[in-house]
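Q: build me a model:
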Amino acid sequence: MVILSLSDANPVSLLTPWGRESGISYQGANFLPVQHYPSLNEAIAVCRRDLDVGLMSIVVNENGQIRIWSPLPDELVGPDELVGKDQQDLPLVRAS
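A: Numbering: from 1, shown residues only. Okay, here's the model as predicted:
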């Protein structure tokens, strides 16, 4: 389990089968947000349950808001990345 501050990850805009989504990139993996939690302890408990069944997720503290992010499978991420400056032009990762 990994617990991060949002500043530890890089924001990215991901093209997925569901459309364009705001995500984060951390240590070479792309993550999509799953759910907000009212406390860090609740998010950690959910993360532990995920780990117990073989799923990996990360807990991100976003300025006091706690959210769990799940990795986007590699087969959904294409090789193209476009670098930009604002939310609309964040690095774009194409998913197949």
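
Q: centroid residue for this protein?
A: Within the chain, one residue has its C-alpha closest to the average C-alpha position: by CA atoms, centre = their mean, that is Phe31, at 2.5 Å.

Q: I'd assumed that one was in a strand, is it?
A: Yes - counting by DSSP: H, G, I helix; E, B strand; the rest coil, Phe31 is located in a strand.

Q: which parts of the protein are helices?
A: 40-52 (DSSP state H).

Q: farthest from the middle of it: give me that residue.
A: Asp52 (19.7 Å).

Q: for the nearest residue to the residue nearest to the centre of the chain once chain neighbours are set aside, give me its contacts.
A: Among residues not flanking Phe31 along the chain, Trp69 sits closest, at 3.9 Å (CB to CB, 6 or more residues apart in numbering). To be clear about C-beta, it is placed using only N, CA and C from the backbone, and glycine gets the same treatment. Neighbour list for Trp69: 23-24, 31-34, 57-60 [criterion: CB atoms under 8 Å, 6 or more residues apart in numbering].

Q: out of those residues, which sit inside strands?
A: Those of the contacts of Trp69 mapping onto strands are 23-24, 31-34, 58-60, per DSSP state E.

Q: biggest separation within these, which pair?
A: Gly23 and Val59 (15.3 Å; CB to CB).

Q: what's the neighbour count on Val12?
A: The number of residues packed near Val12 is 21, by other CB atoms under 10 Å.

Q: hang on, the earlier thing: the residue nearest to the centre of the chain reaches Ile68, doesn't it?
A: No - look at Phe31 against Ile68 with CB atoms under 8 Å: they stay out of range, at 9.4 Å.

Q: shared neighbours of these two, anything?
A: Between them, Phe31 and Ile68 have Ile58 as joint contacts when contacts are counted by CB under 8 Å, 6+ apart.
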